[in-house]
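Engineer: Please find the sequence and the predicted model below.
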Amino acid sequence: MHARHVPETVFYRWAIRELSAILACAPTTEAVLAARRSMSADALARRLLGEANIAVLLVDHGYLSDQTWSPSELAARLPCRVLPILRLEALAQELIVRHETFDAMLDAYSATVERARADGFVGLKSIIAYRTGSRCRRPRATPPPPRSAP
């Protein structure tokens, strides 16, 4: 379904045109992918961030894997400053397994958040809205009582 419909979206078509201009290739998915495969991830990142005039990236390192660049790799490879932000849920997850009681975990959590700036973090991030939705829901209005016949 995605393969069929996504290429028909306005955003996808716009992205292909923009990427083809940056990568100096035809404005087709195949040409953009071929141009992308012809360069290293480092070169692509430098080109895209340079074209966008990105001076600073605020990075949440709460999701690291063997396929993501570490904070030091990002800083070494990218043409801009890379500053860390602290993901609050990842912090809680890490602290839960290190402490015997909820109160001890909560104390450690509070202490870590309070010293976040001193530890080099430039901001805090929560992903709660991603998981639960950020749309506010209004309570349903109670319908009026039925009218009685005259």
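Structural biologist: Looks like it arrived, so ask away. Since the structure is predicted, the reported quantities are computational estimates derived from the model, not experimental observations.

Engineer: So for the helix or strand hosting residue 73, what gets flagged as buried?
Structural biologist: Per DSSP states H and E: residue 73 is located in helix 71-77. Within helix 71-77, the residues that count as buried by 16 or more other Cβ atoms under 10 Å are 74-75. Heads up, the C-betas are built off the backbone N, CA and C, glycines and all.

Engineer: and whichever helix or strand comes after it, what does it pack onto?
Structural biologist: Scanning the chain past helix 71-77 towards its C-terminal end, the next helix or strand to appear is strand 81-87 (assignment: DSSP H and E). Counting contacts by 3 or more Cβ pairs under 8 Å, 6 or more residues apart in numbering; DSSP states H and E, strand 81-87 packs against strand 56-60, helix 71-77, strand 123-125.

Engineer: Save those as JSON lines, and put in mean pLDDT and distance to residue 99 too.
Structural biologist: Compiled in JSON lines, the helices and strands packed on strand 81-87 are given as follows (pLDDT from 0 to 100; distance: least, Cβ to Cβ, whole Å):
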{"stretch": "strand 56-60", "mean pLDDT": "91", "distance to residue 99": "23"}
{"stretch": "helix 71-77", "mean pLDDT": "87", "distance to residue 99": "25"}
{"stretch": "strand 123-125", "mean pLDDT": "91", "distance to residue 99": "20"}
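
Engineer: and residue 26, backbone torsions?
Structural biologist: Residue 26 has phi and psi values of phi -60, psi 150 when expressed as degrees, to the nearest 10.

Engineer: Where does the spatially closest residue to it that is not a sequence neighbour sit: helix, strand or coil?
Structural biologist: Among residues not flanking residue 26 along the chain, residue 20 sits closest, at 6.2 Å (Cβ to Cβ, 6 or more residues apart in numbering). Classification of residue 20 into helix, strand or coil gives helix, according to DSSP: H, G, I helix; E, B strand; the rest coil.

Engineer: Helix or strand, whichever it is, which one in the chain has the lowest mean pLDDT?
Structural biologist: Of all the helices and strands that make up the chain, helix 128-132 has the lowest average by mean pLDDT, DSSP states H and E, namely a mean of 66.

Engineer: Please enumerate the helices of the protein.
Structural biologist: 2-5, 10-23, 29-37, 41-51, 71-77, 88-98, 102-114, 128-132 (DSSP state H).
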